[in-house]
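S.K.: here is my input; please provide its structure:
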Amino acid sequence: MTHHTWRPGTRLVVQERWHDHLWSAVPHVLVEDGDWCVTHVPVGTTAGYASSVGVPGRDHLSRSERKLVAMQTLVYEVVERTIDLRTLHFFAPGSWARVILGWTPAGEFLGWYVNLELPPVRMPDGIQTMDLVLDVQVLPDRSWTWKDREDFEEAVRRGVLDGGLLATLEDHAHRVLAQATGRTGPFEARWLDWRPDPTWPRPVLPSAYRPGGSGWSAR
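M.R.: Numbers count the residues shown, from 1 in each chain. Below is the predicted model of the structure:
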């Protein structure tokens, strides 16, 4: 990743882009910047997403089907959603796997989510990536399962994703699972008790990334 110097507490935007379309924009707070770029999203954060909600003819589709159709057609609406979990995100240079720790608002630890996505690119105001459908869920006891493999296969069948990605995604997923076994990186015990600095302001979605903002109109 091209390096931009960020200090703890810096507000960033993590954006997904798909075929040069903004796909999501989530405000984060920088926690630690070293081998990993670690960011935090507090409960109640407002984020912007490309969505099939409100697009005619898609109401009857499943959630995963609506996502694939939007990716395939590049026809979507922009919606704002409030995030209902507290999360920590671990981005590593060159990695196709973002590791996310999640807690309920009451503080119950839910485990780790391995989001398989394009390697992160640092931008002046944050990080750019794109979700690639396939994921891994790691429970608090460190048992794990693949998530959305059928959706990934369907995306390949439709030509939305390249089937050649699978070997890369599986390789990076297994690297992360080795860290889970070794209790290193995002799986170190210290992160389970991590709490944000109470002086940090809640990250706010910049106007360019809100519905109707200039970030969504750029192609």
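
S.K.: now do residue 41: how many residues are near it, please.
M.R.: 23 (other C-beta atoms under 10 Å). Placement of C-beta: from N, CA and C, glycine included.

S.K.: from residue 85, how far out is it?
M.R.: Separation of residue 41 from residue 85 (C-beta to C-beta, to the nearest Å): 8 Å.

S.K.: got it, and residue 45?
M.R.: Separation of residue 45 from residue 85 (C-beta to C-beta): 10 Å.

S.K.: looking at these two, which has the bigger crowd around it?
M.R.: Comparing residue 45 with residue 85 by neighbour count (other C-beta under 10 Å), the higher total belongs to residue 45, at 22 against 16.

S.K.: contacting residues for the more buried one?
M.R.: 26, 27, 82, 83, 202, 203, 205 (C-beta atoms under 8 Å, 6 or more residues apart in numbering).

S.K.: only alpha carbons, please: show stretch 149-162 as PDB.
M.R.: Output in PDB follows, covering the C-alpha atoms of stretch 149-162 (Å, rounded to 0.1, in the frame of the first residue of the first chain):
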ATOM      1  CA  ARG A 149     -19.200 -20.400  -1.100                       C
ATOM      2  CA  GLU A 150     -22.400 -21.100  -3.100                       C
ATOM      3  CA  ASP A 151     -22.800 -17.400  -3.700                       C
ATOM      4  CA  PHE A 152     -19.200 -17.200  -4.900                       C
ATOM      5  CA  GLU A 153     -19.700 -20.100  -7.300                       C
ATOM      6  CA  GLU A 154     -22.900 -18.400  -8.600                       C
ATOM      7  CA  ALA A 155     -20.900 -15.200  -9.100                       C
ATOM      8  CA  VAL A 156     -18.400 -17.100 -11.200                       C
ATOM      9  CA  ARG A 157     -21.100 -18.800 -13.200                       C
ATOM     10  CA  ARG A 158     -22.600 -15.500 -14.100                       C
ATOM     11  CA  GLY A 159     -19.200 -14.000 -15.000                       C
ATOM     12  CA  VAL A 160     -19.300 -11.500 -12.200                       C
ATOM     13  CA  LEU A 161     -16.100 -12.900 -10.700                       C
ATOM     14  CA  ASP A 162     -13.200 -14.800 -12.200                       C
END
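
S.K.: pull out the buried positions in that stretch.
M.R.: Residues of stretch 149-162 classed as buried by neighbour count (16 or more other C-beta atoms under 10 Å): 151, 152, 154, 155, 156, 160, 161.

S.K.: hmm, who's touching it?
M.R.: Under C-beta under 8 Å, 6+ apart, the answer for stretch 149-162 is 64, 67, 68, 71, 72, 132, 133, 134, 163, 166.

S.K.: name the SS class of the fourth one, please.
M.R.: Using DSSP: H, G, I helix; E, B strand; the rest coil, the secondary structure recorded for residue 71 is helix.
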